[in-house]
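Enquirer: just the structure for this:
(one chain, ligands or ions: 2)
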Amino acid sequence: MKLLEHEGLRLLSEAGIPVPSFIVVKSPEEAERAASRIGLPVVLKAQVLVGGRGKAGGVKVVESLEAARRVASELLGSRIRGEIVEELLVAEVVEHVEELYLSIIVDRASNSHLVLASRMGGIDVEELSKNHPEALVRVSIDPLTGLRDWHTRIILKRLGLSSPAGDRLRGIIKSLYNVYTHYNCDLAEINPLSLKSDGELVALDAKVIVDDNAARVRGLKLGREVGAESEASKLGLNYVELDGEIGIVCNGAGLTMATMDLVNSLGGRPACFLDLGGGATAELVYKALKLLSERPHVKVVFLNVLAGITRCDEVAAGVVRIYDELGGAKKIVVRLVGTNEDEGRRILESRGISYFTRMLDAAQEAVKLAS
Ligand code: GDP
Ligand code: MN
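Expert: Ligands and ions are numbered 1, 2, ... in the order given. The predicted model follows:
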């Protein structure tokens, strides 16, 4: 799970890494109040998960309360690279003389962790490694031994950073490594890590990708709904996000995979899939269908049930409920066979809801409707 900037900054701060003072807001009035509490000038930053917000106009410094309110109202509700801005970070502006780059990532090629550091921060690491590879320090860490003092010594030496900034960076690398291992991260990145004229370092941005299970075990509390995965996990279901158009709901992992394959082979693209497991109640079927139908990228929901312990009448009742609620706003293709099949079909027919019995026919219909 990818964290928003303010969530990432909070983890960094808890680990002892200096971050600017900030307040998260959802309205222009709150932005103005936050700006006055923090003290002008402040920087307003769109809280979206896509990178490159700066270039896309999602990071704005404002000098007055009036500007804070105006710029906040422009940013809130707008789209940054397709993602709607629902929250802003109002942060203290940190004057700095240099921008560094620091991250730790999983390096699958070498089965190790990789620390990346550079004195050319502010630009993204892809660009950095492509256009200025000489300016990017890469140090591998064996997961069995972990981060050692000699790792940080090599990094400081190659960066040519001396005290007091060097000492501070050493501490920040250790703290970042702690965050990274604590949450089993795929990525923990600070870009830019700003260097102030007095040698102090402050993390101005945070990109953190935590492992969902580690986050759960570690009790990571996020003050927001964290997407469909967590909604589904609250229902005790497994949800997987993909990038196509057809949302797939089945009962059982085997049928789910077979349905994905069939949709793919017919030229359709799954948007996500959700496994209802065995014995789903009408309530659960309804909630699962609701969750998928609310995903913006899902054009068609494809429910494929081969009932064993599950009962078709329960499934049908869930389908009826979502039909009533959506009123045709999203297309749902139903294939239903198995236990209590006759009763299930009777329920659907009595409401004029069409269904398929053959999986192939249903999949073809879903692909057709999605294209
Ligand atoms: P990104 O474009 O999504 O990576 O967003 P960042 O948070 O990294 O912001 C983009 C750029 O805005 C940074 O590289 C900084 O140069 C600048 N910036 C962000 N926050 C501050 C701040 O508090 N003070 C100053 N002076 N610049 C900032
Ligand atoms: Mn950044």
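
Enquirer: alpha carbons only for contacts and neighbour counts from here, please
Expert: Will do.

Enquirer: tell me the contacts of the residue in the stretch 101-250 of the chain positioned nearest to ligand 1?
Expert: Closest approach between the stretch 101-250 of the chain and ligand 1, counting by Cα to the nearest ligand atom: Gly122, at 3.7 Å. Contacts of Gly122 were listed using Cα atoms under 8 Å, 6 or more residues apart in numbering, and they are 99-101, 191-192.

Enquirer: of these, closest to Val43?
Expert: Pro192 (14.2 Å; Cα to Cα).

Enquirer: quick check, Ala117 in a strand?
Expert: Yes - assessed by DSSP: H, G, I helix; E, B strand; the rest coil, Ala117 belongs to a strand.

Enquirer: look up the closest residue to it, ignoring the ones flanking it.
Expert: Leu102 (4.5 Å; Cα to Cα, 6 or more residues apart in numbering).

Enquirer: these two touch, right, that neighbour and Leu187?
Expert: No - using Cα atoms under 8 Å, Leu102 is not in contact with Leu187, being 10.7 Å away.

Enquirer: still on that earlier bit, in three-state terms, label the residue of the stretch 101-250 of the chain closest to ligand 1 for me.
Expert: Classified using three-state DSSP, Gly122 is coil.

Enquirer: phi, psi of it?
Expert: phi 90, psi -30 (degrees, to the nearest 10).

Enquirer: the least confident helix or strand in the chain by mean pLDDT: what's the following helix or strand?
Expert: Sorting the helices and strands of the chain by mean pLDDT, DSSP states H and E puts helix 227-234 at the bottom, at a mean of 78. Going down the chain from helix 227-234, the next helix or strand is strand 238-241, by DSSP states H and E.

Enquirer: can you give me phi and psi for the residue nearest to Ala117?
Expert: For Leu102, the backbone dihedrals are phi -150, psi 130 (criterion: degrees, to the nearest 10).

Enquirer: what about ligand 1: which of the contacts of Gly122 touch it?
Expert: Contacts with ligand 1 within these, counted by Cα under 6 Å from any ligand atom: 191-192.

Enquirer: tell me where the model's unsure across the protein.
Expert: Across the chain, the ranges flagged by pLDDT under 70 are 223-227.

Enquirer: domain assignment for it?
Expert: 21-92, 98-217, 227-370 (automatic domain parsing).

Enquirer: walking through the stretch 201-350 of the chain, point out its helices one by one.
Expert: Using DSSP state H, counting those that start in this stretch, the helices found in the stretch 201-350 of the chain span residues 212-217, 227-234, 253-265, 282-293, 312-326, 341-350.

Enquirer: any chance of JSON lines for those helices, columns distance to ligand 1?
Expert: What follows is the helices of the stretch 201-350 of the chain, written out as JSON lines (distance: least, Cα to the nearest ligand atom, whole Å):
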{"stretch": "helix 212-217", "distance to ligand 1": "22"}
{"stretch": "helix 227-234", "distance to ligand 1": "20"}
{"stretch": "helix 253-265", "distance to ligand 1": "34"}
{"stretch": "helix 282-293", "distance to ligand 1": "29"}
{"stretch": "helix 312-326", "distance to ligand 1": "36"}
{"stretch": "helix 341-350", "distance to ligand 1": "48"}
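
Enquirer: let me have those in a markdown table, adding distance to Leu44 as columns.
Expert: Formatted as a markdown table, those follow (distance: least, Cα to Cα, whole Å):
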| stretch | distance to Leu44 |
| --- | --- |
| helix 212-217 | 28 |
| helix 227-234 | 24 |
| helix 253-265 | 42 |
| helix 282-293 | 32 |
| helix 312-326 | 37 |
| helix 341-350 | 51 |
